[in-house]
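Peer 1: here's my sequence, what's the structure:
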Amino acid sequence: MLFHTGKTKVAFSALIETGGAHGPFNKDKTLAFNKVFTNIGDAYNSCSGVFTAPVTGVYHFSFFYHAGGEHKARLTLFKNSEMIVKSSDHQTGSDGADNGGNAAVLQLQQGDKVYVSMPANHHVWAAENHTSFSGFQVC
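Peer 2: Down below sits the predicted model:
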C-alpha cells in the first residue's frame with residue numbers, strides 16, 4: 001500500500017546493474033542504482049544515486065546486496081551526510097558469497113537527501129538483479 005500526503009505520492013525501487021563486480025574503488029562511492037523499476041514522484045535520481053525528499057514526511061528505505069567473499073563488502077545508508085545504518089561482511093578466502101541489507105524509517109524535511117554509499121576497497125555484485133535500493137513515503 002502506498003501512503004501519501006495530499007496529492008504527492010513518493011516511491012522508488014532500483015537495482016545497480018553494471019555487468020558484474022562493482023568495485024573495489026580507491027575512494028568512497030555513492031552508488032547509482034541505474035535500473036529503475038518504480039520512481040513515483042521522480043524523487044530518485046538514477047544518475048547520481050540520490051533520493052531527494054519532495055515533501056516533508058516519514059519515509060522507509062531499504063537496501064540489499066550480494067557480493068563475493070574475495071573482497072570486503074559494506075553499504076551504508078546516509079541521510080544528508082549522516083550515517084544512518086549499514087551492512088557489511090569480511091573478506092575471506094573460504095566464503096564464496098555474501099548477502100546483506102538493512103532498513104530505516106526516517107523523518108525527512110523537503111530537500112533532504114538519502115543515498116547508499118560504498119567505502120573504498122569494498123565491492124558488491126552489480127548484475128542479475130542482486131543489489132537494490134528502495135524507498136517510499138509512509139506519511
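Peer 1: what is the least confident helix or strand in the protein?
Peer 2: Counting by mean pLDDT, DSSP states H and E, the chain has its least confident helix or strand at strand 4-5, which shows a mean of 48.
Peer 1: which residues touch the closest residue to His66 other than its chain neighbours?
Peer 2: Distances taken as C-beta to C-beta, 6 or more residues apart in numbering put His130 closest to His66, at 3.7 Å, once the chain neighbours are dropped. In this view, the C-beta of every residue, glycine as well, is placed from N, C-alpha and C. Residues in contact with His130 (C-beta atoms under 8 Å, 6 or more residues apart in numbering) are Leu15, Phe64, Tyr65, His66, Val124.
Peer 1: repeat for Phe64
Peer 2: So Phe64 contacts Asn99, Gly100, Gly101, His130, Thr131, Ser132 (C-beta under 8 Å, 6+ apart).
Peer 1: top of those by neighbour count?
Peer 2: The most crowded member of the contacts of Phe64, judged by other C-beta atoms under 10 Å, is Thr131 (28 neighbours).
Peer 1: thought that residue was touching Ser62?
Peer 2: No - judged on C-beta atoms under 8 Å, Thr131 makes no contact with Ser62 at a distance of 11.9 Å.
Peer 1: who is the nearest residue to Trp125 once chain neighbours are set aside paired with across the strands?
Peer 2: Excluding the flanking residues, the one nearest Trp125 by C-beta to C-beta, 6+ apart is His66, at 4.4 Å. In this entry, His66 is beta-bridged to Asn99, by DSSP bridges.
Peer 1: ok, His66 to Gln110 distance?
Peer 2: His66 sits 34 Å away from Gln110, going by C-beta to C-beta, to the nearest Å.
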